[in-house]
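Trainee: got a predicted model here, sequence first, then my questions.
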Amino acid sequence: MRTRRGVVALFVASLASLFLAACGGGSTGASSQTTLTLYSGQHVQTTYALVAKFEKAYPHIRVAVRSGDEDSLDAEIVQEGARSPADVFFTENSPALEYLQQKGLLARVNASTLALTPSKYNSLNGDWVGVSARVSVLIYNPSLIKKSALPSSVLALADPKYRGQLAFAAGETDFQPIVTSVIQAYGKLAALSWLNAIKSNADSHVYPDNETVTNEVNRGVVAFGVIDQYYWYRMRAEIGASKTHSKIAYFAPRNPGYVLDVSGAGILKSSQHQVAAQHFLHFLVSTAGQKIIAHSISYEYPIASGVTTDQPETPFHDLAPYPITIAQLGTGQAAISLLREVQLL
């Protein structure tokens with residue numbers, strides 16, 4: 001039962017709230033609140049850590065996250081067109097953003113935001129900004145194959161001597177840039193022949209995702225596989241060093257199998273919250289946003305604002321990937337076409 005004093009206090013508080021709302025003051029006033037809809041193909045851990053910190057820095061902006069496969073989200077955005085509820089698209093790989101850029105669906109990113117990331121990791125047109133990176137590696141189980149027996153070239157994955165020993169996830173968007181890189185280096189016909197051969201070598205070890213590749217190699221079900229480096233580091237962090245029975249190795253420096261994948265973010269032209277969306281992109285590549293990536297268990301490499309990873313992995317500046325550009329990786333459609341032709345998609 002409320003006392004008279006309680007009723008008076010409630011009345012005064014209500015008046016104060018109405019006054020603040022009328023003046024546009026207060027970070028919790030409904031009239032001043034903006035909600036961004038983020039379509040995210042990035043890993044959930046990374047996305048939610050960044051969103052939580054952003055919302056603290058910008059208390060008048062909330063971010064509603066919709067996570068999913070970036071290829072599926074790409075297709076939805078194209079289908080939705082100007083009616084898309086998405087304000088920002090955050091991806092694991094650049095081809096998904098390049099595809100929307102090609103469709104003319106992305107807004108230009110503020111120059112001050114683009115300047116925080118080295119230009120080679122951004123859209124050439126300035127329609128999206130690079131946020132983080134990963135690199136393709138070989139995961140192997142030393143009880144099944146020696147490091148010296150691993151292929152140093154991506155083309156060697158097709159060698160019949162690896163039949164039954166190889167695993168990969170053809171449906172992963174992380175695998176498509178490797179296919180694109182092979183096309184870039186050797187041409188479509190050679191890439192098609194290579195895909196058919198590695199499909200044969202992998203046989204029943206073509207898995208739905210990189211997590212499965214990582215786990216199966218670690219368990220000793222298959223000798224080695226192709227993944228991005230962060231899957232192995234995440235697994236080791238989750239299960240502990242004593243249960244980690246696998247290791248990682250790199251292709252030869254600048255080999256087409258040694259691919260650097262850039263994760264990025266862009267703003268939809270159709271967004272009704274352009275200013276708030278620009279704030280979000282700027283935060284992702286700011287020192288504060290990049291430090292979250294540097295400290296997190298995502299094991300991705302921060303690539304903006306001069307921040308480096310704090311995790312015990314190969315330093316970013318020591319990596320020697322194949323020199324394929326963002327523009328050459330393109331939309332990934334050529335890779336998807338070949339993967340479908342050999343019935344890996």
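Mentor: That came in fine, so what should we check first?
Trainee: quick check: what element follows the helix or strand of the chain with the lowest mean pLDDT along the chain?
Mentor: In the chain, no helix or strand scores lower on mean pLDDT, DSSP states H and E than helix 4-23, which sits at a mean of 35. Per DSSP states H and E, the first helix or strand lying C-terminal to helix 4-23 is strand 34-40.
Trainee: top strand in the protein by residue count?
Mentor: strand 128-140 (DSSP state E).
Trainee: can you list the strands that that one pairs with?
Mentor: According to DSSP bridges, strand 128-140 forms sheet pairs with strand 224-228 (antiparallel), strand 247-249 (antiparallel), strand 260-268 (antiparallel), strand 301-302 (antiparallel).
Trainee: mind putting these into TSV with mean pLDDT?
Mentor: Output for these, formatted as TSV (pLDDT from 0 to 100):
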stretch	mean pLDDT
strand 224-228	98
strand 247-249	98
strand 260-268	97
strand 301-302	98
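Trainee: how is the protein carved up into domains?
Mentor: 8-132+262-313, 134-259+331-341 (automatic domain parsing).
Trainee: which of the ones you listed has the lowest average pLDDT?
Mentor: If these are sorted by mean pLDDT, domain 8-132+262-313 sits at the bottom with a mean of 88.
Trainee: so which residues of the protein form helices?
Mentor: Using DSSP state H, the helices of the chain run over 4-23, 44-57, 70-80, 94-102, 111-114, 176-186, 188-202, 210-219, 229-239, 274-285, 287-295, 326-329, 333-341.
Trainee: mind putting these into JSON lines with distance to residue 160 and mean neighbour count?
Mentor: In short, each C-beta sits where N, CA and C put it, glycine included. Formatted as JSON lines, those follow (distance: least, CB to CB, whole Å; neighbours: other CB atoms under 10 Å):
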{"stretch": "helix 4-23", "distance to residue 160": "72", "mean neighbour count": "11"}
{"stretch": "helix 44-57", "distance to residue 160": "39", "mean neighbour count": "17"}
{"stretch": "helix 70-80", "distance to residue 160": "31", "mean neighbour count": "17"}
{"stretch": "helix 94-102", "distance to residue 160": "31", "mean neighbour count": "24"}
{"stretch": "helix 111-114", "distance to residue 160": "47", "mean neighbour count": "15"}
{"stretch": "helix 176-186", "distance to residue 160": "18", "mean neighbour count": "23"}
{"stretch": "helix 188-202", "distance to residue 160": "7", "mean neighbour count": "18"}
{"stretch": "helix 210-219", "distance to residue 160": "20", "mean neighbour count": "21"}
{"stretch": "helix 229-239", "distance to residue 160": "26", "mean neighbour count": "19"}
{"stretch": "helix 274-285", "distance to residue 160": "45", "mean neighbour count": "21"}
{"stretch": "helix 287-295", "distance to residue 160": "41", "mean neighbour count": "20"}
{"stretch": "helix 326-329", "distance to residue 160": "30", "mean neighbour count": "17"}
{"stretch": "helix 333-341", "distance to residue 160": "21", "mean neighbour count": "17"}
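Trainee: nearest to residue 260, of those helices?
Mentor: Of all these, it is helix 176-186 that lies closest to residue 260, at 8.6 Å by CB to CB.
Trainee: that closest one vs strand 260-268, what angle?
Mentor: Interaxial angle, helix 176-186 versus strand 260-268 (axes from the mean of the first three to the mean of the last three CA atoms, to 10 degrees): 120 degrees.
Trainee: backbone dihedrals for residue 253, please?
Mentor: When read as degrees, to the nearest 10, the backbone of residue 253 gives phi -50, psi 130.
Trainee: quick check: it touching residue 320?
Mentor: Yes. In terms of CB atoms under 8 Å, residue 253 counts as a neighbour of residue 320; the distance is 3.5 Å.
Trainee: more neighbours: the two, which one.
Mentor: It is residue 320, of residue 253 and residue 320, that has more neighbours when counted by other CB atoms under 10 Å, with 15 against 11.
Trainee: give me the distance between that one and residue 301.
Mentor: 14 Å (CB to CB, to the nearest Å).
Trainee: ok, now residue 221?
Mentor: Counting by CB to CB, the gap from residue 221 to residue 301 is 29 Å.
Trainee: what about these two, which has more around it?
Mentor: Under the criterion of other CB under 10 Å, the comparison of residue 221 against residue 301 puts residue 301 first, with 27 against 14.
Trainee: so who does that one touch?
Mentor: Applying CB atoms under 8 Å, 6 or more residues apart in numbering to residue 301 gives the contacts 132, 133, 134, 135, 293, 308, 309, 316.
Trainee: only whichever of the residues you listed are buried, select them in ChimeraX.
Mentor: Buried residues within the contacts of residue 301, by 16 or more other CB atoms under 10 Å, are selected in ChimeraX with:
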select :132,133,134,135,293,309
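Trainee: cheers, nothing more for now.
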